[in-house]
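A.B. asks: The amino acid sequence is not available; the structure is as follows:
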């Protein structure tokens, strides 16, 4: 007897306490939907988001949807009844003149589109691990040293990825390209810092990442370093370069700590050490939180003031703050 199959449905309801705008934005980013399409997922009628999966997979998807702030349910798929001989077609009676024709049948709910390569992220949000299924003949670009596992028929080629500018950012100047030969294959990817990962499907958009945020992308995504200017880079305390990602395809990036997505419409302030990524429609400038006294003694430094409309991904921890926290516990070697 075959294993029972389940469909996973989005009920249209939200988890108690969840903010509707944030949930809609999360689903829009997750599935590459326009705002109106993402809003339609929560119109009150169920929408099937995954069909024909086993019980464990269905439960995992339900839990992932709950973490995003929405309610999903797994519905058992009933096996089709045995075929029965079709009765002779009956001729419908003639319709009286002027009678209204019957309404067309209501279409079944379509699954949410999932553009790009199949993938899953496990171990989130503390130690996220990405697994991507690469189709036969396709290539996946991965940050150097990030590959953890792969099928035996996947081949690797190392290429220069940005040259001197990537070297200046502190990133490796190399990017590894993994190609599935003759058959689909899976590759497992782990970022260098403990934290979460996010995926976005680019379709002409431009995303800027912090200098250590890039994890992987498909071949249609162009990855290059962008000079932020001496003033912005030097006084932010961060790198002089950002990573600019554009084109069409899958993009994965990582954070130190968890990731929170913020939709900006106007002005928004983020500490420079908490920025993971932001969209191209946002302008930004580096400023002080308060006066110079606050700058040197408050523990707060320089901030990035975003303006315009777009999205910012922020991380819940800062590398510099963690280093400062561990400093009193360092081993001190006594001399003399």
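C.D. replies: Everything's here; your move. This one's a predicted model, so the numbers in the text were calculated from it and none came from an experiment.
A.B. asks: Show me the beta-bridge partners of the nearest residue to residue 209 once chain neighbours are set aside.
C.D. replies: The shortest distance from residue 209 to any non-neighbouring residue, by CB to CB, 6 or more residues apart in numbering, is to residue 243 (4.2 Å). Every C-beta, even on glycine, is put in place using the N, C-alpha and C of the backbone. Counting by DSSP bridges, residue 243 is bridged to residue 209, residue 225.
A.B. asks: Please apply the same query to residue 285.
C.D. replies: Under the criterion used here (DSSP bridges), residue 285 is bridged to residue 305.
A.B. asks: ok, it - how many residues close by?
C.D. replies: Neighbour count for residue 285, taken as other CB atoms under 10 Å: 12.
A.B. asks: Just confirm it contacts residue 303, I think it does.
C.D. replies: No: using CB atoms under 8 Å, residue 285 makes no contact with residue 303, being 9.7 Å away.
A.B. asks: residues in contact with residue 73?
C.D. replies: 8, 9, 11, 46, 62 (CB atoms under 8 Å, 6 or more residues apart in numbering).
A.B. asks: cutoff 6 Å now
C.D. replies: Residue 73 makes contact with 9, 11, according to CB atoms under 6 Å, 6 or more residues apart in numbering.
A.B. asks: Quick check, the residue nearest to residue 209 in contact with residue 207.
C.D. replies: No: counting by CB atoms under 6 Å, residue 207 is not a contact partner of residue 243; they are 8.7 Å apart.
A.B. asks: buried ones in the one helix or strand residue 121 maps to?
C.D. replies: Per DSSP states H and E: residue 121 is located in strand 119-122. By 16 or more other CB atoms under 10 Å, the buried positions in strand 119-122 come out as 119, 121.
A.B. asks: give me the low-pLDDT residue ranges for the chain?
C.D. replies: For the chain, applying pLDDT under 70 flags the ranges 1-2, 79-114, 161-173, 227-240, 290-301, 336.
A.B. asks: Now do the helices in it.
C.D. replies: 20-31, 35-40, 55-67, 163-169, 230-236, 292-297, 319-326 (DSSP state H).
A.B. asks: Give me the angle between the longest one and helix 20-31.
C.D. replies: Going by axes from the mean of the first three to the mean of the last three CA atoms, to 10 degrees, helix 55-67 is angled at 140 degrees with respect to helix 20-31.
A.B. asks: The most centrally placed residue in the chain: what's it in contact with?
C.D. replies: The residue lying closest to the centre of the chain (CA atoms, centre = their mean) is residue 199, at 2.2 Å. For residue 199, the contact set (CB under 6 Å, 6+ apart) comprises residue 252.
A.B. asks: redo that, cut-off 8 Å
C.D. replies: 30, 116, 119, 121, 250, 251, 252.
A.B. asks: Neighbours of the residue nearest to residue 209, how many?
C.D. replies: 24.
A.B. asks: Renumber starting at 407 from here on
C.D. replies: Renumbered: residue one is now 407, and that last one reads residue 649.
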